[in-house]
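# I need the structure of the sequence given here:
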Amino acid sequence: MGRASKRKHERTTVDAPAATVASSRRKRIPHIILGIVTVLVLAATIAISIKPSQHTANTPRQPVGSAPIPFAPLIQIVQYAPWPKKLNDLRTLDPAKLGDLDIARVNLLCATNLPGSEKIDIEYALATLDQWAKIVAFETNRHLYRVHDPRYADHFRHSEAYLRAEFLMQTLCEKLGVKYDMSARGNFSFHDSRVAFIHGMIPMPGQTLQDTPGGTCASMPVLAAAVGRRLGYPIKLASTNGHLFARWDGKDHPNPAWRERFNMEVTSGFDSFDDDYYKSFPHKLTEHEIQVNGYLLSLTPQEEFASFMSLRGSCGESHNQLTFAAQCQEVAYNYAPNRRIYREWFIDAATKCNYQPTTPALAEALELRRHAEAMRRNAMATPTFGGMAAGAAPNLMDIAPMRIGQWQQPPPMMPGVASLPFGQSQPIDPRAEVERINAINRANLECMERLSQPSPATPQSPRPGIPQPYRPPGFPQPPRP
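Model (predicted):
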């Protein structure tokens, strides 16, 4: 090997490791960059997931039942004013402005300070309803095709309004978990306000839907109206004797597809019955009762508030707060004076506690009722010939123990026995008293003897044209004339 070739080989041998190291470093650079990016992405994801929520007085807490909405709903959620804050503010509001308020807020305000509402958080509950409305809108919009799909159109009556009403309750009950309070079935009591107001179906902070007792016919139609109205649905309330139901009442709605009217039974999922159904469910109604109590008519906002105040009074009465109950029923009557049932409920509560109303019509009706009760009780002690006044038999359920000793029996009116004028008294002679009792006994004995003597039978001759009973041979025949 020549000297020049030897030097070239030495240079190649020395430079080979350096080139190998540089090439290896260039190959590792993309992997290092990818690793750094991956670490940064993971760190950002973890930081976002564990970032604590910061609640302030102006920032509502995240409600229970929230779920990501894939896209903005086709229907804009109605935003209500965040007032009033207290029940007294609601009562001082112009009645004409009640229609601008959120029915859920009105209902929850009427439930405040009642047994069962200790954990109520109105703003949190309303935020939950807003989120539920978004979920209902999404579920409804993605199934609107069923109105025209031959496989489903008949079920939904080829009606967009009917589909929206059914999916409203289907989403609330099946997807979100709203349920009926089964403990109230057959054992309804106003002892717990959650059976009468919607906070019995809305989880409060720290609760889930499984922690709620559920709703009843007094609250579930209100919840359906509250969520439906957030979507612009023309849902109203209607009542019958002992039952409340919802109604899609959109005859004059701007959207032609919503101009329908049908009832919504929402206590067991969803169903729809005509008005005649509620004339016999849950109690049979007469036409007079329907007229005087406004049954089967859609409630106005003022009548909705009256209904909630009446429920508030019923909760108070179940705890023997009779004055409180009478005051609530008086407020209910003032907002719905055309519904006689509120007047009757007020009188029932007021007569038990001697409450004096400030409403002239109620004061007059209460005075008439008290006067009638006094006359009825006085009639039980009014003597007449042969006993008490006609139709004045005492009702023992209405006689208080303190009045039993005051109830004066009329004197006996026996033949041959002189009785003193009613209300007068004289010193009693023991011998005369014995003679008087003996005379009564003799008179009774004579009467019994007369009744026990058989009367002589007079044979009856057969009359022409009248069939006679069959008499077998040998049986004595009646004499013929």
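# Quick check: next helix or strand after the lowest-mean-pLDDT helix or strand in the chain?
Taking mean pLDDT, DSSP states H and E as the measure, the chain has helix 401-404 as its least confident helix or strand, at a mean of 34. Next helix or strand after helix 401-404 toward the C-terminus (DSSP states H and E): helix 430-452.
# Tell me how far that next one lies from the chain's centre.
Relative to its chain's centre, helix 430-452 lies at 63 Å (Cα atoms, centre = their mean, to the nearest Å).
# all strands of the protein, in order?
Under the criterion DSSP state E, the chain contains strands at 235-240, 243-249, 261-264, 383-384, 387-388.
# could those strands go into a markdown table alongside mean neighbour count, distance to Tyr124 and mean pLDDT?
For every residue, glycine as well, the C-beta is placed using N, CA and C. Shown next, in a markdown table, are the strands of the chain (neighbours: other Cβ atoms under 10 Å; distance: least, Cβ to Cβ, whole Å; pLDDT from 0 to 100):
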| stretch | mean neighbour count | distance to Tyr124 | mean pLDDT |
| --- | --- | --- | --- |
| strand 235-240 | 23 | 23 | 97 |
| strand 243-249 | 22 | 24 | 97 |
| strand 261-264 | 19 | 27 | 98 |
| strand 383-384 | 15 | 67 | 44 |
| strand 387-388 | 14 | 63 | 40 |
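# Adding distance to Phe281, write those out as a markdown table.
Listed next are the strands of the chain as a markdown table, based on distance: least, Cβ to Cβ, whole Å:
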| stretch | distance to Phe281 |
| --- | --- |
| strand 235-240 | 7 |
| strand 243-249 | 7 |
| strand 261-264 | 11 |
| strand 383-384 | 46 |
| strand 387-388 | 42 |
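# Tell me which of those strands approaches Ala350 most closely.
strand 235-240 (22.4 Å; Cβ to Cβ).
# from the middle of its chain, how far away would the closest one be?
Worked out by Cα atoms, centre = their mean, strand 235-240 lies 11 Å from the chain centre.
# repeat for stretch 126-138
22 Å.
# Likewise for stretch 96-103?
20 Å.
# how about it: buried residues?
Going by neighbour count (16 or more other Cβ atoms under 10 Å), the buried part of stretch 96-103 is Leu98, Leu101, Asp102, Ile103.
# pLDDT value on the first one, please?
Per-residue confidence (pLDDT) for Leu98: 96.
# now the one 4 residues further on
According to the model's per-residue confidence, Asp102 sits at a pLDDT of 98.
# Repeat that for the one 10 residues further on.
As summarised for this prediction, Thr112 has a pLDDT of 96.
# Asp211 versus the residue lying closest to it once chain neighbours are set aside, what's the distance?
Leaving out its chain neighbours, the residue that sits closest to Thr112 by Cβ to Cβ, 6 or more residues apart in numbering is Leu87, at 5.9 Å. As for Leu87, its distance to Asp211 is 25 Å (criterion: Cβ to Cβ, to the nearest Å).
# Please name the nearest non-neighbouring residue to Leu237.
Distance criterion Cβ to Cβ, 6+ apart; nearest residue to Leu237, sequence neighbours excluded, is Leu299 at 4.6 Å.
# Looks like the one you found contacts Lys236 (just checking).
Yes: contact criterion Cβ atoms under 8 Å: Leu299 and Lys236 qualify, at 6.2 Å.
# which one of Leu87 and Asp211 has more residues nearby?
Higher neighbour count among Leu87 and Asp211: Leu87, with 18 against 10, using other Cβ atoms under 10 Å.
# for Tyr295, what are its contacts?
Contacts for Tyr295 were tallied using Cβ atoms under 8 Å, 6 or more residues apart in numbering; they are Ser239, Thr240, Asn241, Tyr278, Leu285, Glu289.
# My understanding was that the last one contacts Gly242; is that so?
No: using Cβ under 8 Å, Glu289 makes no contact with Gly242, being 11.5 Å away.
# residue ranges with poor pLDDT in this structure?
1-28, 47-74, 379-430, 451-481 (pLDDT under 70).
# Which parts of it are helices?
When secondary structure is read from DSSP state H, the chain shows helices at 3-50, 87-91, 103-111, 122-141, 160-170, 220-230, 287-293, 301-318, 322-335, 340-350, 360-379, 401-404, 430-452.
# Including distance to Arg259, could these go into TSV?
Formatted as TSV, the helices of the chain follow (distance: least, Cβ to Cβ, whole Å):
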stretch	distance to Arg259
helix 3-50	47
helix 87-91	32
helix 103-111	22
helix 122-141	18
helix 160-170	8
helix 220-230	16
helix 287-293	26
helix 301-318	21
helix 322-335	29
helix 340-350	31
helix 360-379	38
helix 401-404	61
helix 430-452	78
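# closest to Asp149 out of those?
Nearest to Asp149, of the helices of the chain and by Cβ to Cβ, is helix 160-170 at 10.6 Å.
# From Ala196, how far off is the residue nearest in space to the middle of the chain?
Closest to where the C-alpha atoms of the chain average out (Cα atoms, centre = their mean) is Ala218, at 1.2 Å. Distance of Ala218 to Ala196, given as Cβ to Cβ: 5 Å.
# so what sits against both of those two?
Between them, Ala218 and Ala196 share these contacting residues under Cβ under 8 Å, 6+ apart: Leu311.
# any idea how far stretch 110-121 is from the chain center?
Here the centre of stretch 110-121 is set off from its chain's centre by 16 Å, with Cα atoms, centre = their mean.
# let me fix that: stretch 81-98
Relative to its chain's centre, stretch 81-98 lies at 22 Å (Cα atoms, centre = their mean).
# got the buried residues for it?
Neighbour-count burial for stretch 81-98, counted by 16+ other Cβ under 10 Å, picks out Pro84, Leu87, Leu90, Leu93, Leu98.
# Kindly report the same for stretch 289-297.
Applying 16+ other Cβ under 10 Å to stretch 289-297 flags Glu289, Ile290, Asn293, Gly294, Tyr295, Leu296, Leu297 as buried.
# Let's have these in JSON lines, adding distance to Ile347.
Shown next, in JSON lines, are the buried residues of stretch 289-297 (distance: Cβ to Cβ, whole Å):
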{"residue": "Glu289", "distance to Ile347": "17"}
{"residue": "Ile290", "distance to Ile347": "21"}
{"residue": "Asn293", "distance to Ile347": "15"}
{"residue": "Gly294", "distance to Ile347": "18"}
{"residue": "Tyr295", "distance to Ile347": "19"}
{"residue": "Leu296", "distance to Ile347": "24"}
{"residue": "Leu297", "distance to Ile347": "23"}
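# which one of these is nearest Ala443?
Using Cβ to Cβ, the buried residues of stretch 289-297 come closest to Ala443 at Glu289, 51.9 Å.
# what's near enough to touch that closest one?
Here Glu289 is in contact with Asn241, Tyr295 (criterion: Cβ under 8 Å, 6+ apart).
# let's see 10 Å
Thr240, Asn241, Lys279, His283, Tyr295, Arg340, Ile341 (Cβ atoms under 10 Å, 6 or more residues apart in numbering).
# Filter the residues you listed down to the buried ones.
Listed as buried from the contacts of Glu289 are Thr240, Asn241, Lys279, Tyr295, Arg340, Ile341; burial here means 16+ other Cβ under 10 Å.
# tell me the contacts of the second one?
Put plainly, it is Asn241. Shown in contact with Asn241 (Cβ under 10 Å, 6+ apart): 278-286, 289-290, 293, 295, 341.
# let's go with 7 Å and repeat that
For Asn241, the contacting residues are His283, Leu285, Glu289, Tyr295, by Cβ atoms under 7 Å, 6 or more residues apart in numbering.
# What of the first one?
Contacts were defined as Cβ under 7 Å, 6+ apart; by that measure Thr240 touches Tyr278, Leu285, Tyr295, Leu296.
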